[in-house]
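Asker: Starting from these lines, generate the structure:
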Amino acid sequence: MRSARSVTTFAASAASILALTVAGFPAQARQATPLVDAPPAAAEPRANPLSESVAAVVNDDIVSSYDLMQRMRLLMVTSGLQPTQENLPQLEQEALRSLIDEHVQMQELRRVEREQKITIISTDKEVDEEIENIAQGNKMNAQQLLASLSAQGVSADTWRAQIRAETSWQNWISGRYGSRLRIGEDQIKAFQRRMAESASKPQYQVSEVFIDAVRVGGAEVALNGARQLVTQMQQGAPFAAVARQFSAAATAANGGDAGWVSPGEMPAEVDAALEQLRPGQLSAPIQVKDGVYIVYLRDKRSGAKATLVDLKQVAVALPKDAPETDVQAATALLAGLKPKLTSCQTLEAEAGKVSGVVAGDLGEAEIGDLAPSFQEAANALNIGQVSDPIRTDAGLHLIAVCGKRQSGGGAPSHDQIENRLKGQQLALISKRYLRDLRNSATIETR
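Answerer: Numbering: from 1, shown residues only. Down below sits the predicted model:
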C-alpha cells in the first residue's frame with residue numbers, strides 16, 4: 001500500500017541552495033564534463049540532526065531534509081543547472097524521487113542478500129574505484145574531485161551513496177537477467193532490415209532527454225519540467241549532464257546519446273520536430289503519449305544512395321540454348337539443395353556434396369550493378385535468405401544474401417546490434433522492476 005501527502009518546500013534548504021554561489025558556473029557548465037571545479041569555499045557542516053525534519057518515509061526508512069538538500073545540490077553540480085525560484089520545486093521533486101527510488105532499490109538488494117546469502121551491494125573499494133574512474137574522466141584524481149564537490153556544499157557521503165545505489169542496482173539487473181536474455185538472429189535481422197528500409201531516408205544524430213509523465217506526476221508536470229530544463233540548457237547547462245540526471249530513457253547512462261536514428265525509430269512527434277531542426281539546435285519540449293522529449297540534433301545526413309549486398313551463389317552451368325529437360329532437371333536439383341543451405345558459412349561445403357553444382361563467393365556489390373534477375377532477388381531477400389533458382393544465359397543459380405548495408409554509412413556490426421538490443425531489454429526490465437517495488441512499498445512524503 002502506498003500513501004502520500006503533498007511535499008512541503010523546505011524553506012531553509014531552498015534559501016541555502018539559492019545562496020550557494022559558484023564563481024564562473026555558467027561558463028564551466030558548457031564544458032563536456034559533468035563535474036566542475038569551484039574556488040575553494042568552506043563546506044557546509046551537516047545540520048544538527050535534532051533540527052532536521054523528515055522529508056519522506058520509505059518502508060520505515062527516513063529521508064531527512066538534510067538528505068534532500070544535499071541531493072538537490074548534487075543534482076545541480078552534476079547537471080550544470082543553476083538554482084532559481086522557478087526551478088527549485090522541480091529540483092526538489094527530482095531529488096526526492098531519486099532518493100525514494102534508491103531507498104526502495106537498496107531495501108530490495110539487502111533482502112536478496114539476506115535470503116540468497118550473496119553479496120550484491122557495492123563495497124567501499126568498488127565505490128572508490130568508480131569515483132576514481134569518474135575523476136580520471138574529469139582529468140582529476142579522486143581527492144581533487146571530492147574536494148571540488150565539498151567546495152560546492154556537497155558532502156562526499158551524499159555522492160558515494162548515489163554511486164553505491166546506482167552501481168549495485170545495475171550490477172544486480174545485469175547479473176540476474178543479463179545471462180538469461182537471448183537476442184535471436186531473427187531480432188538482429190529484423191533490426192538490419194529496418195535499417196536497410198530506412199536507409200534512403202534522412203538520418204539524424206540525436207541526443208535525447210525523456211521526462212516520464214507517470215514518474216513525475218502527470219503530463220503537465222512533465223511539460224513544465226522540460227521547459228525549465230530547456231531554459232537551463234540554453235543558458236549553458238550541458239545536455240549530457242542533464243540527461244544523466246533527469247532523463248528516464250535508456251540512453252541516460254550515455255548522456256542521452258541515441259546515435260543515428262531514422263524516421264520511424266522515435267515517436268512521430270519527435271520525427272516531425274527533427275525535420276525542422278538544424279544541426280546544433282535544441283528542440284522545444286515535445287509532448288508524446290507517455291511523457292515529454294527534449295532532443296538535441298548533433299548532425300544530419302541524407303539517405304544513402306546505394307545498397308551494398310554481400311552475395312554467395314550455388315550454380316549449375318547451362319548454355320543459353322540448353323534443352324528444357326536439362327533446365328527442369330537443374331531446377332529440381334537446386335530446389336532440393338536449397339533447404340540445406342542454412343548459412344553462408346556452410347554454403348560452399350554443403351553445395352560441394354552435390355555432383356554438378358559449383359559454389360562461390362560473389363563478394364560485395366551495389367544492387368544496382370547486378371544483373372536484373374539478381375537485383376530483384378537481392379532487394380527482396382533478407383540477410384541469411386536464399387533465392388529460388390534464377391535462370392541466366394550462363395546457367396541456373398541460387399543466390400544467398402550474406403550481408404546488406406548502405407553505402408557511405410557506418411552501419412553497426414552484428415555484435416553492436418546485439419548489445420544495443422540487449423541493453424534496451426535490460427533497461428526495460430529495470431524500469432518495470434523498480435515500478436513494481438514502488439507500487440508495493442509504503443511511501444509517505446511530507
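Asker: C-alpha only now, for contacts and for neighbours.
Answerer: OK.
Asker: Tell me where the stretch 1-150 of the chain is predicted with low confidence.
Answerer: Along the stretch 1-150 of the chain, the model assigns pLDDT under 70 to residues 1-51.
Asker: which strands and helices sit next to the lengthiest helix in the chain?
Answerer: Counting by DSSP state H, the longest helix found in the chain is helix 88-116. The helices and strands touching helix 88-116, judged by 3 or more CA pairs under 8 Å, 6 or more residues apart in numbering; DSSP states H and E, are strand 54-58, strand 61-64, helix 65-79, helix 156-177, helix 414-440.
Asker: what's the closest of the ones you listed to T231?
Answerer: T231 lies closest to helix 65-79 among those, at 13.3 Å (CA to CA).
Asker: and that closest one, what does it pack onto?
Answerer: helix 11-19, strand 54-58, helix 88-116, helix 156-177, helix 239-246.
Asker: which of the helices and strands packed on helix 88-116 is buried the deepest?
Answerer: Most buried of these, by mean neighbour count (mean count of other CA atoms under 10 Å): helix 65-79, with a mean of 23.
Asker: Against P238, how distant is I383?
Answerer: 40 Å (CA to CA, to the nearest Å).
Asker: Same question for S440.
Answerer: From S440 over to P238 the distance is 36 Å, taken as CA to CA.
Asker: sorry, back to before: next secondary structure after the longest helix of the chain?
Answerer: helix 124-137 (DSSP states H and E).
Asker: between that next one and helix 156-177, how many degrees?
Answerer: On the basis of axes from the mean of the first three to the mean of the last three CA atoms, to 10 degrees, helix 124-137 is oriented at 100 degrees to helix 156-177.
Asker: what's helix 124-137 packed up against?
Answerer: So helix 124-137, by 3+ CA pairs under 8 Å, 6+ apart, packs with helix 142-151, helix 156-177.
Asker: after the last one, next one along is what?
Answerer: Beyond helix 156-177 on the C-terminal side, the first helix or strand identified by DSSP H and E is helix 185-197.
Asker: Next, count neighbours for the closest residue to I417 other than its chain neighbours.
Answerer: Excluding its sequence neighbours, the residue lying closest to I417 (CA to CA, 6 or more residues apart in numbering) is I188, at 6.6 Å. Neighbour count of I188, defined by other CA atoms under 10 Å: 18.
Asker: Which pLDDT value belongs to the closest residue to D67 other than its chain neighbours?
Answerer: Closest residue in space to D67, ignoring its immediate chain neighbours: T158 at 7.6 Å, by CA to CA, 6+ apart. pLDDT for T158: 93.
Asker: what do you get for G423?
Answerer: 86.
Asker: which residues does the closest residue to it other than its chain neighbours contact?
Answerer: The shortest distance from G423 to any non-neighbouring residue, by CA to CA, 6+ apart, is to A250 (7.9 Å). The neighbourhood of A250, defined by CA atoms under 8 Å, 6 or more residues apart in numbering, consists of 423-424, 427-428.
Asker: Got phi/psi on R391?
Answerer: For R391, the backbone dihedrals are phi -90, psi 130 (criterion: degrees, to the nearest 10).
Asker: Leaving out sequence neighbours, find the closest residue to it.
Answerer: Per CA to CA, 6+ apart, closest to R391 is H397, 6.5 Å.
Asker: what's the burial count for P319?
Answerer: 14.
Asker: Output the below-cut-off pLDDT ranges for the stretch 251-400 of the chain.
Answerer: Across the stretch 251-400 of the chain (using pLDDT under 70), the flagged ranges come out as 303-306.
Asker: So which residues of it form strands?
Answerer: For the stretch 251-400 of the chain, the strands defined by DSSP state E, counting those that start in this stretch occupy 257-261, 281-282, 286-288, 291-301, 307-317, 358-366, 390-392, 395-406.
Asker: right, and those - which one's nearest V270?
Answerer: strand 286-288 (6.6 Å).
Asker: now for that closest one, which elements pack on it?
Answerer: Partner elements for strand 286-288 (3+ CA pairs under 8 Å, 6+ apart): helix 268-276, strand 291-301.
Asker: Surely V214 touches K289?
Answerer: No: V214 is not in contact with K289 according to CA atoms under 8 Å; the separation is 10.8 Å.
Asker: Spit out the contact partners of V206.
Answerer: 257-261, 295-299.
Asker: Can I get stretch 209-217 in PDB? Just the C-alpha atoms.
Answerer: Taking Å, rounded to 0.1, in the frame of the first residue of the first chain, the C-alpha atoms of stretch 209-217 are listed here in PDB:
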ATOM      1  CA  VAL A 209      16.100  13.600 -22.600                       C
ATOM      2  CA  PHE A 210      12.800  11.900 -21.900                       C
ATOM      3  CA  ILE A 211      10.700  13.000 -18.900                       C
ATOM      4  CA  ASP A 212       8.300  10.200 -17.900                       C
ATOM      5  CA  ALA A 213       4.900  11.600 -17.100                       C
ATOM      6  CA  VAL A 214       4.000   8.800 -14.800                       C
ATOM      7  CA  ARG A 215       7.200   9.100 -12.800                       C
ATOM      8  CA  VAL A 216       7.000  12.800 -12.300                       C
ATOM      9  CA  GLY A 217       3.200  13.000 -11.600                       C
END
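Asker: Which residues outside that stretch are in contact with it?
Answerer: 93-94, 219, 221-222, 226, 242-243, 246-249, 252, 256, 290-295.
Asker: Stretch 123-131 now?
Answerer: So stretch 123-131 is in contact with 142, 160, 163-164, going by CA under 8 Å, 6+ apart.
Asker: Residue ranges of each domain in the chain, please.
Answerer: 11-180+436-445, 200-303, 307-406 (automatic domain parsing).
Asker: Mind pulling the model confidence for the closest residue to A427 other than its chain neighbours?
Answerer: Using CA to CA, 6+ apart and skipping the chain neighbours, the partner closest in space to A427 is A250 (5.7 Å). In this model, A250 is scored at 82, pLDDT.
Asker: thinking again about what came up before, would you list the helices and strands packed on helix 124-137 in a markdown table and tack on distance to A378?
Answerer: Shown next, in a markdown table, are those (distance: least, CA to CA, whole Å):
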| stretch | distance to A378 |
| --- | --- |
| helix 142-151 | 55 |
| helix 156-177 | 38 |
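Asker: which one of the helices and strands packed on helix 65-79 lies closest to G336?
Answerer: Across those, closest to G336 is helix 156-177 (CA to CA), at 41.8 Å.
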